[in-house]
Structure formats: C-alpha cells, structure tokens
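K.L.:
quick one, structure for this:
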Amino acid sequence: MMQIPLATYRIQFNAGFNFQDATTIIPYLAELGISDLYASPILTARKGSTHGYDVVNPQEINPELGGTEDFEGLVATLKRYEMGWVQDIVPNHMAFSSQNHILVDVLENGPDSQYRNFFDIDWNHPYNGINGRVLAPFLGKFCGDCLESGELKLRYDQAGISINYYDQSFPLRIESYSHILMYDLSRLREQLGRNHPLFIKLLGVLYMLKYIPSGAEGRERYDQITFIKRMLWELWNESAEVKAFIEQNIETFNGEVGKPESFNLLDSLLNEQFFRLAYWKVGNEELNYRRFFTVNDLISLRVEDQKVYDTTHAFILQLVQEGKLTGLRIDHIDGLYDPAQYLSRLRDGAPDVYLIVEKILEADEELPLNWPIQGTTGYDFMSQVNGLFCQQANESEFDAIYHQFIGKFVDLEKLIDENKRLIIGKHLAGDIDNLAHLLKQIADRHRYASDFTMYGLKRALVEILAVFPVYRTYISREGASKADQECMQWVVRRAKENLPDFGNELYFIEKFLSLDFDDHLSQEDEKLWLHFIMRLQQFTGPLMAKGVEDTVFYVYNRLISLNEVGSSPAHFGLSIDDFHAFNQMRSSHWPHAMNATATHDTKRGEDVRARINVLSEMPQEWVDCLKQWHEINAVHKVKVGNMSAPSRNDEYFFYQSLVGAFPFHEADYANFVQRMKEYIIKAIREAKTHTAWIRPNAEYEDAFMQFIDRTLDNSAKNPFLEAFRPFQRKIQHYGVFNSLSQTLLKLTTPGVPDFYQGTELWDLSLVDPDNRRPVDFDRRLEYLKEIKTKARSKSKKGILTYIEELLKTPEDARLKLFLIYRTLQARRTYAELFQRGSYEKLTVLGSLKGHVVAFTRELGDLRAIVVVPRLLTELVKAGEYPLGEQVWHETRILQPPGSSAVLHNAITGEEIQSEETLWLKEIFAQFPVALLVGKVEQPA
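P.N.:
Numbering: from 1, shown residues only. Model prediction:
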C-alpha cells in the first residue's frame, strides 16, 4: 500500500545538520503532527557540500551526514514514531569533480572508459579543441596564463599521475605516463645500472605502457592499467632513486615561472588528454557536455540509457524495497531526455512509493495526466495561495507607482524576451551552438535543406527558444499531447512573425516540432529528427529558469512578492473564484500533490511574501513612504560612472525587501543588516544590470553596501529608520494575518501540506543560502510543549485565554505554531477527510464577501468548513484584530444542505451553533481563521 503523507517536513542535510541531528528532532516533529520526513539528497556528495545536489557516488549514503550507521538509526527512529521518509533524488546530473569516480574513469580513459556513455558528452563535437575530449572549464583565467604562472601542476600518488589546479585534480590518461617516465631516462640508467632489477622493472612498466589494449578489450585494458599503477607505486616505495627520478621529471614538466619555454612539455602533455582545461567562461560559449542550467561543475547524466539508470538508481530502489524510503521527490524532471519514460521505469521499480516531481507550471499549463505520479512539489499551489493576498484592484496604481519611482516604463514581456536572449548569448551560447550543429547535420542530409547555413539555422533556433512560453513540452516517440501541439504551433507562428526573413529555416524546424516526418525518411533519419526535438526540449527549461527566475525576477520589481518560483510577476493577484477552481482541479486530478509555501529554492520566505503582499492594499501610503525615504536617503548615494548608486530600481527593490524581512526583535538586527547586504549582492548580480557574477562591478557593489550601512545604521539617530519603522510595524501587523490565512489554506486544501525547515515559526528568510541557516529546534520544542499543555486544558475558557495571550504577542510566533499544531491534529483525526474529501466553495454573502475565502471538505458523513480572511487593511486599523461583530457585521456564509446543528472549531475548541447561515462575527470571535468540523445529516 502506498503511504500518502499527512504532512511533510523538509530538512536540508549537510555536515552541520546530519542524521543524528535529525534523529533528535523526530519526537518533536511527531508531536507537531508531521507524518513524513522530507529530506534533501543523502547520497555521497562532494566534500563540504551544503545542499547535496552535487552527488559523486549514487551507490552509498553520504559519510558526512553520518554514513550508513546513523542513517539506519534515523530510519529506526522514524519507524518507532510511525513516520515515513520522502527522499529527494537527483537523476539529471552529478558533480564534475575528482571525487566522482565514474567521471574520473571517463576523463582517464576517454572512449575506452566503461562509463563512456554515462554522461551527456558529445565526443564528436565539430570544434577540434573538444573533439574526442571533454571540456573542463574550471580555470580562473586563460589556460596559457594558468600554465605559465605555475598554477597547473603534475602530481603523483598511489592513484596515479594527475594534473592539478589548486584543489581540483584531473587524471592523466595512462598512455601519457611514458612521456614523464621516459624523459631523460638515461640519467636513471646511469645511476642504477642497465641491469639493476628495479630499472628492469621500470622498463617493464614502459613496455606495457606502449601496448595498452583498447576498444573491445575493455576488461583487459583495466587489468593492465591496474597492474601498471601497482608496479609503479611499488617502484616509488622500493627505490629512493626511482622516486627521486620521477619527482625530478615532474618538477621539470611543471616548468619554471618566468621561463615560458619551460612549460612546453606540460603544454604538450595537456594537449593529448581526454579533457581540455579551459577558462571557466569558455563553458558559456563552447561546450560539449550538458550542464545543470549554467553550472559548469554539474555534469548531466544520460539517465535515459538503461545502464545509467540502473547504476544510479539501484541503491535508492533498494532502500525503497527495504521500506526505509516511502516516498521519492524527483529533482528537475524537465532536464531529462524523456521524463515520461523515466517516471514509468521508476514506477515499475517502486510501484507503491509516493512519487512527486519538481516541476514549474505556467499559468493555464497542466501537469501531464499520463505521468504515474502523485503530483508536483507544490510551486503551483504556492503561486495560487500567494496571489490570493494581492489586491488585484490596485494593479494599475502599482504600475504607475513603480514606473514613476524608477523614472521609466518597463514592458515586462519585452524584458523577459530581452533577458532570455541575454542568457542565450552570454550563458547558453555553447549549448545553442550544439543544438544548431545537430540541426545542420540533419539539414545536410536533405536536399531541400542542404543550403541552409549554420547562421540561418541558429537564428531560427534562437527565435524558437526565446519565444517559448513554458518550461518545456514533452514530445517523444509516443507522440505529442494536444497541449504540446498547440504550444509548438504558437511558438512557430510567433517566431515567423518576429523573423520573417528566415521562414524557410523556421518551416524546416516546424516539421520537427510537429513530428511531421517526410514519407521517405529512413529509420535512422527519423531517429535523428526525434533526437533533435527531444534535445531541444531539454534546454527550454534552463533558459526559462535563468532568463526569468534568475534575472527578470530581480529586475522587474513592481511587487516582488509575486516574483517567486512557479509564479509570474505579470499576474497581479488572484480572484477567489480562480483559487477555488484551482483547488477543485487538484481535488479531481492531483489530490496528493504537495502544498508548499516555502522551499529551499524560493526567492524569499513565506512570511516575507505575506508582508510584502500587504503593500498591494495601500498604494497611496506606499508611494508616500517611497518619496519620503528616497528624499531622506539621497544623501547616502554616491556617483558611479554617470549614475547615482544604487539605481532607482535597485532602491525600490531594497525598500520592499526591508519591509518584508525586517526582524521582529531588536536582538536580531545586527545579523539582519549583514544578511541584507549578502542578499543584495546576490540580487543585483542576478539582475545583471549594473553588476554580474561573470563580471562584478566592485564600485557599484561597494556603493550599495555603503548605502545599506548608512540607511540601516542603528547606532545613533537615523531619520530613515525613524520614518521606516512605524510603517514597517503596520505592514508586519497585517502580514501576521496573511500568514495565518495562508497557513490554514495550505493545511486544509487538497494536497499534502509541506513545511520547509523552521517555517512553523515566522519565516523571514531570504533566498539561499540565507534560508539554509540553522534552525533553533529547542525553542520550537519548548513552545510546542507549552501549546500542548494549554490545549489539553479541560476548561474551554483556558484555551481561549491562551489564544488571547498569543494574539497579544505575535512577535514570538507561538501563534503560528499553535495554528499548525491544532490543524495537524485535526488532519490526523480526520485523515481520510483531508486526503480524499471533496472540495466545494461556499457562498459568502454580505458587504465583505470579497475579504473571505470559504470552502468545505466532505467525505461520507463528515464535513470540514474552512474560513479565512484576506485583504484586511480596509477592515481593521493597525494594531487591531479582525475579530467579532465590529469587523464582520452582517457578512455570512450559506451552509450546504445537511449541515449538523453544532460544529466544532478545531482551532479554538469552541462549539458553533449551526443553522443555514454561519455568521463570521461568531466564527471569528476568538481567532482570525477557522476550521469547523461536523457531521453531515443524510436525508431521510
């Protein structure tokens, strides 16, 4: 039986938080009501990895997390508390690292490696420099400069001879050893004598090096290499003379700084390796392996190959079969060659595992219904619930405010197009070249396309990629869905409008995208056509992610709470009806998908977004504050080139970030200022406008850091902070209620509620690595014990008194934890209702109906009614609570037929007398959100 989680808790494992640490918090999570641990990757990653996605060995548990023994201890503890384990796995890539023994084998043996086809490498690349070699773009400057400055050095140890660049190591092919061992060999012969046994043994090594097997003799080749290395290591340890000879030769090959000609030997040696060391920027323009997005040191796997799949998944599937893992989360499903095939294989190997995928869905895009999964990791839910707290009616005012403040009009669609083209030109040029070469190869095989030039094909291809409106389509040998067909038709039509002079090339590409194979195509040609479209689909996702998520989201700053993974800044809020429609769809198709409000990849914490959304309700106050703050802080700006730094756009971004992330407690302030500086550096580099990761503008960055230091200086009288804090506290107050509403919706709508580590209290974190800071679980456990004690009070007045206390001290976040605990207990009590129950919107009547979201979950004779408020700045003053008749007046909810006479409020413990109408003044008498549970009276 598949174990569907009631609620998951995401943990980010690293050396600072390992299996033993997780084991200590399992009792707390179980008490809270979490059913499943949801873990970041746990297979062996690069040493010191802070996230685990840079896997180097998919066949063992990461020793830095505690290894097998501590893993088994954590599994045992979870079983003792009857909890499951949902595991994040990484099928798309591994680390490009000397710690990756599979890759090292490829770098050492090239075409003769047993793993030759494991990685997505084009061994037949048309560029001579990387034909038959893997590009290794990891040098900090040009290769020739690194060589002549002595940064590239040969070393020898038991593993063999390697070329090293600081802490990076690359193995020399075995055939190259002879160059080093034969260099000035007469010197050693004269020293030892021609007939010395050790010299003869070395000659034996050299003879074997001359006749290394290759090709079909793979096993023999590996055996001989092992034997040669063992003999050489024995010589190194047996003979001081041989050791000194090798050391001196290595020193000679390593060259002498200041004498360029002394590096000729090493240069020649490098040129015959199965890898080509290069300046890291080369990877953006000339590349023959597929990366994860634009990250050079994450090399993609060909997991569509059965052997690769088996090798990388055997251990994980073993853990599933042993019952140690009950769920799997698939990282970056869109990067795979054939996602549907992959998921089918995985489901066959783990038929009863809870299976979810990391997938970004654009507005109106649907998850493929033929995928054998339970749904997504929840970015689609996060987008919907976030939009619910943005006041749609004020969109035009916010357009005006933003454009007026920055001093220019910004067309979002044009901005997206420009930045996608920027990424194509500066970061994915090598990847696009590879696609174009593949297309040219196909064109040359067809008489009507043989005159197409690389230039023309590439122009057409760039246009197709630039206008692509979704992360990817899923056309395969099985065909194309109607949605994918319509998407491709739209893409080609748009590309033809933009590029009319290249209609012939676009028509040619259109045949691929529509699977319109020529009748006379050979099986080989048809396979090549299909390979092109499958390949193209692997690159639309990275382009969208880098061009929009990692660029536009830091440039278009109208309301940055909408600039979130899985969302679009173009959609200014969401109607209540659209929210209901989304949940009804989910209830029908994906009832067990995740409901997330924060992940390790989100741009800002869930409560930062909840605060910033409040701005959408008060455009006039916002613009007044902006003007005041800008005038106060003008003195802190400095001239950088022909502009004042920070720019108006970056300043606008900064103020919103401050409003959202400003700490509740003064004790956190100093740390907050440092966090904000680190965040801003990342944000402005991602924006790629005034500085960038590739070419940082130190002058602009320094000016911005000085601006932050001065505007946030808390050591003396600061007019900005005096003006800022009252407004921020006001936003903070309303943000609390947004957060409570958002939290209850996550817990009660169709889907599995997921909690990112630490977010059961206020989540004021920023983008990674800020959201990976250590979590204070001791404080959370202390709070939970208090809440449980108060909740067990037999006196209804006792719990209501406690709620009153919590409402008076929202800054300590017990209020949020209380809501989560009470609702999770209800989920546990009524598990079937929340996992399988229907979803129906309720009719709200009265003057404030636009401020209320209400729905039911129903199964059999049980019904839960969920009611949350939104957009509260119009209803209560700052410092007041949205409770009682003075707020809600005549606003009421029409109950569906069959409602029981009495409903139990699972949060407050109250009994609500139920008739045909539920009055909000009664529902929200004590607490600002409500979960009411009762029986459904069946008709006679």
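
K.L.:
pretty sure residue 163 sits in a helix.
P.N.:
No: according to DSSP: H, G, I helix; E, B strand; the rest coil, residue 163 belongs to no helix; its state is strand.

K.L.:
pretty sure it sits against residue 151.
P.N.:
No: at 10.7 Å, residue 163 does not count as touching residue 151 under the criterion of Cβ atoms under 8 Å. All C-beta atoms are positioned from the backbone trio N, CA, C, and that covers glycine.

K.L.:
in terms of neighbours, single out the busier of the two.
P.N.:
Neighbours per residue (other Cβ atoms under 10 Å) separate residue 163 from residue 151, with residue 163 holding more: 23 against 16.

K.L.:
what's the pLDDT at that one?
P.N.:
Looking at residue 163, its pLDDT is 98.

K.L.:
residues contacting it?
P.N.:
Applying Cβ atoms under 8 Å, 6 or more residues apart in numbering to residue 163 gives the contacts 152, 153, 154, 169, 170, 172, 269, 270, 273, 277.

K.L.:
need the helices for the stretch 601-750 of the chain, in chain order.
P.N.:
Along the stretch 601-750 of the chain, the stretches classed as helices by DSSP state H, counting those that start in this stretch are 606-615, 619-633, 648-661, 669-687, 698-711, 719-748.

K.L.:
what's the second one in contact with?
P.N.:
Meaning helix 619-633. With contact meaning Cβ under 8 Å, 6+ apart, helix 619-633 is reached by 394, 397-398, 401, 404-405, 615, 651-652, 655, 707, 710-711, 719-720, 723-724, 727.

K.L.:
hmm, back to that, of the helices of the stretch 601-750 of the chain, which approaches residue 53 most closely?
P.N.:
helix 669-687 (17.9 Å; Cβ to Cβ).

K.L.:
okay, the angle between the closest one and helix 719-748?
P.N.:
Inter-element angle recorded for helix 669-687 and helix 719-748: 80 degrees (by axes from the mean of the first three to the mean of the last three Cα atoms, to 10 degrees).

K.L.:
next, the angle helix 698-711 makes with helix 669-687.
P.N.:
150 degrees.

K.L.:
so for helix 669-687, mean pLDDT?
P.N.:
97.

K.L.:
can you check stretch 547-556 too?
P.N.:
Mean per-residue pLDDT for stretch 547-556: 97.

K.L.:
out of everything not next to it in sequence, what's closest to residue 309?
P.N.:
What sits nearest to residue 309 in space, not counting adjacent residues and going by Cβ to Cβ, 6 or more residues apart in numbering, is residue 303, at 5.3 Å.

K.L.:
again with residue 438
P.N.:
Per Cβ to Cβ, 6+ apart, closest to residue 438 is residue 532, 5.6 Å.

K.L.:
would you check that the one you found makes contact with residue 439?
P.N.:
Yes: counting by Cβ under 8 Å, residue 439 is a contact partner of residue 532 at 6.2 Å.

K.L.:
just want to know which of those two has more residues nearby.
P.N.:
Neighbour tally, residue 532 and residue 439, criterion other Cβ under 10 Å: the higher count belongs to residue 439, 24 against 18.

K.L.:
do you know how far the more buried one is from residue 505?
P.N.:
9 Å (Cβ to Cβ, to the nearest Å).

K.L.:
next one: residue 627
P.N.:
51 Å.

K.L.:
more crowded one of the two?
P.N.:
Of the pair residue 627 and residue 505, residue 505 is the one with more neighbours under other Cβ under 10 Å, namely 25 against 12.

K.L.:
in the helix or strand hosting the more buried one, what counts as buried?
P.N.:
Assessed by DSSP states H and E, residue 505 sits inside helix 503-513. Buried residues in helix 503-513, defined by neighbour count with 16 or more other Cβ atoms under 10 Å: 505, 506, 508, 509, 510, 511, 512, 513.

K.L.:
you'd agree the third one is up against residue 443?
P.N.:
Okay, so that is residue 508. Yes: look at residue 508 against residue 443 with Cβ under 8 Å: they come within range, at 6.7 Å.

K.L.:
overlap of the contact sets of the two?
P.N.:
Common neighbours of residue 508 and residue 443 (Cβ under 8 Å, 6+ apart) are 449, 452, 457.

K.L.:
just give me how far stretch 829-838 sits from the chain centre.
P.N.:
In this view, stretch 829-838 has its centroid 30 Å away from the chain centroid, taken as Cα atoms, centre = their mean, to the nearest Å.

K.L.:
buried sites along it?
P.N.:
For stretch 829-838, burial by neighbour count (16+ other Cβ under 10 Å) applies to 830, 833, 834, 835, 837, 838.

K.L.:
report the mean per-residue pLDDT for that stretch.
P.N.:
Rounded mean pLDDT across stretch 829-838 is 97.

K.L.:
mind checking the end-to-end distance for it?
P.N.:
Distance across stretch 829-838, first residue to last, is 17 Å (Cα to Cα, to the nearest Å).

K.L.:
same deal with stretch 463-480?
P.N.:
The straight-line separation of the ends of stretch 463-480 (Cα to Cα) is 21 Å.

K.L.:
of the helices of the stretch 601-750 of the chain, which approaches residue 102 most closely?
P.N.:
helix 669-687 (31.9 Å).

K.L.:
what about that closest one, distance to the chain center?
P.N.:
Centre-to-centre, helix 669-687 and its host chain are 19 Å apart (Cα atoms, centre = their mean).

K.L.:
same thing with stretch 916-927?
P.N.:
41 Å.

K.L.:
cool, stretch 200-210 as well?
P.N.:
Averaging C-alpha positions (Cα atoms, centre = their mean) puts stretch 200-210 51 Å from its chain's average.

K.L.:
buried sites along that stretch?
P.N.:
201, 202, 205, 208, 209.

K.L.:
pLDDT of it, averaged?
P.N.:
Here the average pLDDT along stretch 200-210 is 94.

K.L.:
for the residue nearest to residue 331 when sequence neighbours are not counted, grab the count of nearby residues.
P.N.:
Leaving aside its chain neighbours, residue 331 sits nearest to residue 90 (4.8 Å; criterion: Cβ to Cβ, 6+ apart). As a burial measure, residue 90 scores 25 neighbours (other Cβ under 10 Å).

K.L.:
so residue 90 versus residue 134, what's the distance?
P.N.:
Residue 90 sits 20 Å away from residue 134, going by Cβ to Cβ.

K.L.:
now residue 513
P.N.:
30 Å.

K.L.:
same thing with residue 312?
P.N.:
19 Å.

K.L.:
who's more crowded, these two?
P.N.:
Using other Cβ under 10 Å as the criterion, residue 312 and residue 134 rank with residue 134 on top: 24 against 21.
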